[in-house]
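1. Need a 3D model of the sequence below.
(chains A and B, ligands or ions: 3)
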Amino acid sequence: MSGSPMSGTPRSGAPTSGTRPDPGDSPPLTVAVTGAGGSGAVTAGLILLEAVAAAGLFGLLRRSAGPQIRGGESAALLRFGPAPVHCAGDRCDLLAALDWANHERFAEEIPLDADSLVLTDPAAGTPPAVVAAGDAALREIGFADSARERAGGRPNMVAVGAAGALAGLPLDALLDGAARTLAGKGEAVVAAARACIRAGFDLADPAERLRKPASAPAEIPQRWHINGNEAAGLGALRAGVRFVAAYPITPASEMLEWLAPRLERLGGTLLQAEDELASVNMIIGSAFGGVPALTATSGPGLSLMLEGIGLAVASETPIVVVDVMRGGPSTGIPTKSEQSDLNAALYGLHGDAPHLVLAALDIGDCAHTVAWATRLAWQLQTAAIVLSDQSLGQSRMVGEPAPVAEEPLAALQHPTAAGDAPFRRYAVTADGISPMSVPGEPGLAYTADGLEHDPTGAPSSRAADHADQLDKRRHKLLAHDYGPHWAEITEPADPDAVALTLLTFGACRGAVLEAAARLRAGGHAVRTVALRLLAPLRRRALMHALGDTRVLVVEQSHGAQLFHYLHAEQALPAHARSLARAGPLPLRPGEIVDAAAALIDAHRGGP
Amino acid sequence: MTAAHGRSTEQLKASIPSLRAKDYKSDVKPVWCPGCGHFGVLAALTKTLAYLELPPEQVAVVSGIGCSSRLPAYLAVHGFHGVHGRALPLATGLKAARPELTVIAAGGDGDGFSIGGNHFLHACRRNQDLTYIVMDNEVYGMTKGQASPTTQPDWCRSKLTPHGTGMRRFQPAAIALAAGASFIARGFAGDPNGLTRLLAAAIEHPGFAFVQVLSPCRTFRPEQQEWKQLVHACELGPAHDAARAAELIQRDDGLGLGLLFEQKIPVYAAGVAADAADTLTAAERLAAIEAEHCR
Ligand SMILES: Cc1ncc(C[n+]2csc(CCOP(=O)(O)OP(=O)(O)O)c2C)c(N)n1
Ligand code: SF4
Ligand SMILES: [Mg+2]
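-> Ligands and ions are numbered 1, 2, ... in the order given. You can find the predicted model right below:
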């Protein structure tokens, strides 16, 4: 095979005649690398992502793995282009299969069509029926043979070269990417990888390129190379979190693992707890001590933490719980994304327990939203649940850094009262925020309590005390000025012509933005509203943003949880429609475009 | 951990006139039944704090839920009355965040050995510098008299278990030892002086100090009034190696009072002290962390 690495019938789609990519004529490309455990598909994806960064482009790398704990087949799905990439695309342009082990597991995640190009190594078996019977053009390319010709060569590196060349990534960027990604493995490994990448690059038929190679611009603005779990951790550090209690759970563990050594560098502490009942109560203890604290978990852990979160609400102790959502209920689908913990986050607490629920809108925004949630929790002395999900937490982007909030750390406030005895820790105040002391302050001792209490904190079951404290805890959240961060709103060129608003929250914002761009390009004036603050709901601001447009509520849950919540809050017009689909597959922009277009067609002539 | 609270206990001690036990009591009137053993624990603890001359603002007492767990509100130190079973994690988080504080967790046998049993095991293992006081009355007092883990298997006075629990009793001291606790003592609420001595030793012990306090429930276990006659000094203790302590604890009838086991082992310290040679500011360290993700 090694003599004729590329052979086969011409691909059905016309070759793209790209010049240097620019946002106007160059939509993002999706390149997938798949292979059995140990084949290095994920490493290949990481190198390609670094190459994207080196070329000055933007990228999003998602990973998909089989059910094995370790060493099973895996797929790296890279989408990149000259503009920020926020979501999975509708289709896959290029698939480099290092082998076909259990490929059926990925078939639905890697949609191939007549314009797709598939690289297959004849030495690694024949494509399965799902691929062979499809319309995608197959090209045989001898990854393994070529690798064998080079000392220490590996087929996945040849695939990086070939896929990179066909996708229009410059050779220098690919070599750079390998050096960065493999730096920890020693010079010999890097040299072998680079030799293989060169060989793969040369094996790709220039006539089949999906994009012409672009040279990196001289000046590349600073970009973040980060996943959502790391970004969430960074946001926590930025906001002053210095204590984290952790109980491992997919897909949140990486956030905790990222934080452990970095907290130490900042003089903070991460403590591995015996369970989530412990972790949530540990962060309450830390916050009571005046040290901002956070924990991260996923659905099953959130369920265990709910009693503790209620304690934080009642005792007015600021805590932050990040829920990196996965498929549910119960153990569900631990490695795949879903937005189905929204109800648990909103409604899971017993009693009347107003608290904050926020959702990160993209990978970089995990930093901003967690930092904002931490500040809010401390300003408002309450619990904040931040919803992220697997698609944000475990996907890696090359993108724009999240800006540091204007508010400096000093804005964290735990007001201190004068020493009038006894200290009225839970005094009713105009803004609902009571003075909070921390241990170490003489004359300001009090007992924080989850039992209903009077203004001094002494247990009370009197109706008036209950009413006062309930009112206070609600009022402080409702009276706060949340500024513009409650949602991200985008408008078409002519905002007055908007007929349809796509309303979403959290990670679905990426696919919604892309759908809106396509609809706008097709002549539809579409607005998008992506909610970052879900509770307390900024109902008036939301209704103002929706105006009298048609509304499509887009979310990734089976039960249309956001749609029902907004209806219950009377924030939606009666004619609002729902596009809700469960995981594990990502919500794709094409689905949203189809649903939106159908809605627009059905109601031509006004709502 | 935070600069504002960085004054050392010694500095504060020097700055206050010595306090009496009553200065550690709050104005909140206990809800306990007259004759409840928990009064004795409250009295012994305030005496202990006065004896150790701990400034009230440097002490935090945290608890779960139960009659016994009401303790913090009756003290004039910082307190947290949390949820049922979670006193130890609260204490662990507070101590990790504010290592300079004296942190005491307190509660009942139901709170600590049943719903919070897992935390008990792991707190023993962790050996963080905490004191844990369990007021053991072999019953759930607050919920009106159900069997707890330390209740006798044939105790039939609860409607919930009219034939008894049929389960063997939880052995607090033996389990603490097996789980790795470095200080184990048993006191009696009716012996305030002895209990004060044990509590003082427990607070001064570097590491996790577990004090089981036999604290009679007058209302639901009236027969415990006999404890006054039955308790006795533990003859063989204290032991300093685990094998001897195991023997001592097993041979005892569960009413032997005193220090049962004490061992000096490394105290848990989450995280490591910052590198002294590293002169970066906090902002510079954070910037370096951000830079790892910049291209
Ligand atoms: C999650 C939860 N479950 C049950 C209860 C009810 N409850 C309150 S106190 C208690 C038992 C307390 O017994 P113990 O800890 O021995 O304390 P005592 O009252 O005997 O001092 C129970 C079951 C609760 N408050 N929370
Ligand atoms: S019920 Fe028992 S434990 Fe509770 S206060 Fe009364 S005597 Fe004490
Ligand atoms: Mg009890």
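2. All the helices of the stretch 101-250 of chain A, in order from the start?
-> Counting by DSSP state H, counting those that start in this stretch, the stretch 101-250 of chain A has helices at residues A:104-107, A:129-132, A:143-148, A:155-166, A:171-181, A:187-203, A:228-238.
3. So which elements touch the longest one?
-> Of the remaining helices and strands, those touching helix A:187-203 by 3 or more Cβ pairs under 8 Å, 6 or more residues apart in numbering or on different chains; DSSP states H and E are helix A:143-148, helix A:155-166, helix A:171-181. For glycine as for every other residue, the C-beta is placed from the backbone atoms N, C-alpha and C.
4. Just the CA atoms of that helix, as PDB, please.
-> C-alpha atoms of helix A:187-203 as PDB (Å, rounded to 0.1, in the frame of the first residue of the first chain):
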ATOM      1  CA  GLU A 187      12.600  15.200  22.100                       C
ATOM      2  CA  ALA A 188      12.700  11.800  20.400                       C
ATOM      3  CA  VAL A 189       8.900  11.500  20.500                       C
ATOM      4  CA  VAL A 190       8.500  15.000  19.100                       C
ATOM      5  CA  ALA A 191      11.000  14.400  16.300                       C
ATOM      6  CA  ALA A 192       9.300  11.200  15.300                       C
ATOM      7  CA  ALA A 193       5.900  12.800  15.400                       C
ATOM      8  CA  ARG A 194       7.100  15.700  13.300                       C
ATOM      9  CA  ALA A 195       8.600  13.400  10.700                       C
ATOM     10  CA  CYS A 196       5.300  11.500  10.500                       C
ATOM     11  CA  ILE A 197       3.300  14.700  10.200                       C
ATOM     12  CA  ARG A 198       5.500  15.800   7.300                       C
ATOM     13  CA  ALA A 199       5.000  12.500   5.600                       C
ATOM     14  CA  GLY A 200       1.300  12.600   6.100                       C
ATOM     15  CA  PHE A 201       1.100  16.100   4.800                       C
ATOM     16  CA  ASP A 202       2.900  15.000   1.600                       C
ATOM     17  CA  LEU A 203       0.600  12.000   1.200                       C
END
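5. Of all residues in the chain, which one is nearest the centre?
-> I'll assume chain A. With distances taken as Cα atoms, centre = their mean, the residue of chain A nearest its centroid is A:Leu392 (1.7 Å).
6. Enumerate every residue touching it.
-> Contact partners of A:Leu392, counting by Cβ atoms under 8 Å, 6 or more residues apart in numbering or on different chains, are A:Asn227, A:Gly228, A:Val324, A:Ser337, A:Ala360, A:Asp362, A:Ile363, A:Cys366, A:Gly506, A:Ala507.
7. Surely it is in a helix?
-> Yes: counting by DSSP: H, G, I helix; E, B strand; the rest coil, A:Leu392 is found in a helix.
8. Can you redo the helices and strands packed on helix A:187-203 as TSV, where the extra columns are mean pLDDT?
-> Formatted as TSV, the helices and strands packed on helix A:187-203 follow (pLDDT from 0 to 100):
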stretch	mean pLDDT
helix A:143-148	97
helix A:155-166	98
helix A:171-181	97
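9. Of the ones you listed, flag the one that's most buried.
-> Comparing the helices and strands packed on helix A:187-203 by mean neighbour count (mean count of other Cβ atoms under 10 Å in any protein chain shown), helix A:155-166 ranks first with a mean of 30.
10. Next, the angle helix A:187-203 makes with that one.
-> 40 degrees (axes from the mean of the first three to the mean of the last three Cα atoms, to 10 degrees).
11. In terms of secondary structure, what does helix A:155-166 contact?
-> strand A:29-35, helix A:41-54, strand A:94-97, strand A:117-120, helix A:143-148, helix A:171-181, helix A:187-203.
12. Go ahead and measure how far the fifth one is from the middle of the chain.
-> If I follow you right, that is helix A:143-148. Here helix A:143-148 is found 36 Å from its chain centre; the criterion is Cα atoms, centre = their mean, to the nearest Å.
13. And the last one, by the same measure?
-> Counting by Cα atoms, centre = their mean, helix A:187-203 is centred 32 Å from the centre of its parent chain.
14. Quick one: residues in contact with it.
-> By Cβ under 8 Å, 6+ apart, helix A:187-203 touches A:5-6, A:47, A:141-143, A:146-147, A:149-155, A:157-165, A:171, A:174-175, A:178-179, A:182-183.
15. Quick check: B:Asp23 is in a strand.
-> No: according to three-state DSSP, B:Asp23 belongs to no strand; its state is helix.
16. Pretty sure it sits against B:Val59.
-> No: B:Asp23 is beyond contact range of B:Val59, at 11.8 Å (criterion: Cβ atoms under 8 Å).
17. Looking at those two, which one has more neighbours?
-> Shown here are B:Asp23 and B:Val59; by other Cβ atoms under 10 Å in any protein chain shown, B:Val59 has more neighbours (24 against 14).
18. mind listing what that one touches?
-> B:Val59 touches A:Pro439, B:Leu49, B:Val77, B:His78, B:Leu101, B:Thr102, B:Val103, B:Ile104, counting by Cβ under 8 Å, 6+ apart.
19. backbone phi and psi for it, please?
-> phi -120, psi 140 (degrees, to the nearest 10).
20. just the one 4 residues further on next, same as before
-> Taking degrees, to the nearest 10, you get phi -150, psi 170 for the backbone angles of B:Ser63.
21. partner residues bridging it?
-> B:His81, B:Ala106 (DSSP bridges).
22. how near is it to B:Val28?
-> Applying Cβ to Cβ, to the nearest Å, the value for B:Ser63 to B:Val28 is 14 Å.
23. follow-up on the earlier one: ok, which of the helices of the stretch 101-250 of chain A comes nearest ligand 1?
-> Relative to ligand 1, the nearest member of these by Cβ to the nearest ligand atom is helix A:228-238, separated by 28.7 Å.
24. do the closest one and chain B meet at all?
-> Yes: judged by Cβ under 8 Å from any Cβ of the partner chain, helix A:228-238 comes into contact with chain B at A:Glu230, A:Leu234, A:Leu237, A:Arg238.
25. pLDDT on that helix, on average?
-> The pLDDT scores in helix A:228-238 average 97.
26. do stretch A:202-213 as well
-> 91.
27. circling back: mind checking which of B:Ser63 and B:Val28 has more residues around it?
-> B:Ser63 (31 against 18).
28. residue contacts, that one?
-> B:69-72, B:79-82, B:87, B:105-107, B:111.
29. and these as JSON lines, adding neighbour count and distance to B:Ala239?
-> Shown next, in JSON lines, are these (neighbours: other Cβ atoms under 10 Å in any protein chain shown; distance: Cβ to Cβ, whole Å):
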{"residue": "B:Ser69", "neighbour count": "27", "distance to B:Ala239": "30"}
{"residue": "B:Arg70", "neighbour count": "25", "distance to B:Ala239": "34"}
{"residue": "B:Leu71", "neighbour count": "28", "distance to B:Ala239": "29"}
{"residue": "B:Pro72", "neighbour count": "28", "distance to B:Ala239": "32"}
{"residue": "B:Gly79", "neighbour count": "27", "distance to B:Ala239": "33"}
{"residue": "B:Phe80", "neighbour count": "32", "distance to B:Ala239": "33"}
{"residue": "B:His81", "neighbour count": "26", "distance to B:Ala239": "35"}
{"residue": "B:Gly82", "neighbour count": "34", "distance to B:Ala239": "33"}
{"residue": "B:Ala87", "neighbour count": "38", "distance to B:Ala239": "27"}
{"residue": "B:Ala105", "neighbour count": "36", "distance to B:Ala239": "24"}
{"residue": "B:Ala106", "neighbour count": "31", "distance to B:Ala239": "25"}
{"residue": "B:Gly107", "neighbour count": "31", "distance to B:Ala239": "26"}
{"residue": "B:Asp111", "neighbour count": "33", "distance to B:Ala239": "27"}
